[in-house]
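predicted model follows, preceded by the sequence.
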Amino acid sequence: MLDVSVIEDAEAAAVSLDPTRARLLAELAGGPASAAMLAARVGLPRQKVNYHLRALEKHGLVELAGERRKGNVTERLMRATAASFVISPLALAQVQPDPDRFRDQLSARWLLAVAARLVRDVGALITGADRARKRIATFALDGEVRFASAADRAAFVEELTHGVSALVAKYHDADAEGGRPHRIVVALHPTVKPQVAAPDEIEATP
């Protein structure tokens with residue numbers, strides 16, 4: 001089972017978003033189960049569970065893990081193909097965000113568009129690498145910084161911009177024979193808390 005799988009097809013995305021099928025996916029992410037076992041867990045008739053499982057299997061969201069005999073019946077044990085799923089913007093190709101349409105480094109919506117493009121591009125890389133049975137050279141840096149003031153945050157953004165720009169200028173070689181372009185994305189946003197922030201915790205954009 002994969003840790004994360006990317007859904008790029010619109011029909012597969014629709015199937016995964018159905019509440020009943022999403023519940024079945026969550027159950028099967030925990031381990032293989034038969035339609036009868038799932039029916040008891042989710043409170044649905046076995047025939048209806050089988051119907052949903054066929055739809056999930058058709059789109060590669062679940063797969064056969066094995067079979068077992070139970071009396072005179074052979075049960076199919078199904079499992080989720082991944083522990084979790086991400087829906088790529090490619091599933092809504094005609095209306096997917098385009099960060100090149102407008103550029104505003106201080107806009108949260110532009111950051112969202114950049115993040116959507118990151119999901120789309122990395123998802124496409126994963127899909128292609130899986131088909132070719134190759135690995136992708138990737139790196140991710142994740143951290144958190146607590147600013148004492150808005151002025152400190154602005155200074156951090158300025159230094160970060162200069163630092164990354166200097167690294168890009170140092171290593172970028174537009175004429176390198178056999179070189180391969182790479183996209184770099186550096187994002188900064190307030191840490192999302194589990195609970196809803198109080199009104200006085202939400203900072204207005206000047």
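Cool, the structure landed.

a strand runs through residue 86, doesn't it?
Yes. Counting by DSSP: H, G, I helix; E, B strand; the rest coil, residue 86 is found in a strand.

any idea which helix or strand carries the spatially closest residue to it that is not a sequence neighbour?
Closest residue to residue 86 apart from its sequence neighbours, by CB to CB, 6 or more residues apart in numbering: residue 6 at 5.4 Å. C-beta here means a position set from N, CA and C on the backbone, and glycine is covered the same way. Element membership for residue 6, per DSSP states H and E: strand 2-7.

how about the nearest residue to residue 21, chain neighbours excluded?
residue 52 is the one closest to residue 21 (CB to CB, 6+ apart), at 5.1 Å.

ugh, typo on my part, it should be residue 13
residue 91 (4.0 Å).

cool, residue 135 as well?
residue 129 (6.5 Å).

wait, the one you found sits on residue 137?
No. Counting by CB atoms under 8 Å, residue 129 stays clear of residue 137, with 10.0 Å between them.

so for the two, which residue has more residues nearby?
Higher neighbour count among residue 129 and residue 137: residue 129, with 13 against 8, using other CB atoms under 10 Å.

what's the following helix or strand after whichever helix or strand the more buried one is part of?
Element membership for residue 129, per DSSP H and E: helix 108-132. Going down the chain from helix 108-132, the next helix or strand is helix 150-171, by DSSP H and E.

just how off-centre is that following helix within its chain?
Here helix 150-171 is found 27 Å from its chain centre; the criterion is CA atoms, centre = their mean, to the nearest Å.

just stretch 180-189 next, same as before
On CA atoms, centre = their mean, the centre of stretch 180-189 falls 17 Å from the chain's centre.

that stretch: end-to-end distance?
Length of stretch 180-189, first residue to last, CA to CA, to the nearest Å: 29 Å.

how about the nearest residue to residue 122, chain neighbours excluded?
Nearest to residue 122 is residue 138, by CB to CB, 6+ apart, at 7.2 Å.

just to revisit the earlier point, over to the residue nearest to residue 21: give its phi and psi.
phi -70, psi -40 (degrees, to the nearest 10).

over to residue 99?
phi -70, psi -10.

tell me what the strand holding residue 6 is packed against?
Judged by 3 or more CB pairs under 8 Å, 6 or more residues apart in numbering; DSSP states H and E, strand 2-7 is in contact with strand 82-87, helix 108-132.

ok, and what's touching the next helix or strand after that strand?
In the C-terminal direction, the helix or strand that comes right after strand 2-7 (DSSP H and E) is helix 10-17. Residues from elsewhere that reach helix 10-17, judged by CB atoms under 8 Å, 6 or more residues apart in numbering: 7, 21-22, 25, 55-56, 58-61, 85, 87, 91-93.

can you list which of these are found in strands?
7, 85, 87 (DSSP state E).

wait, the second one sits on residue 25?
Yes. Using CB under 8 Å as the test, residue 85 is close enough to residue 25 to be in contact (7.3 Å).
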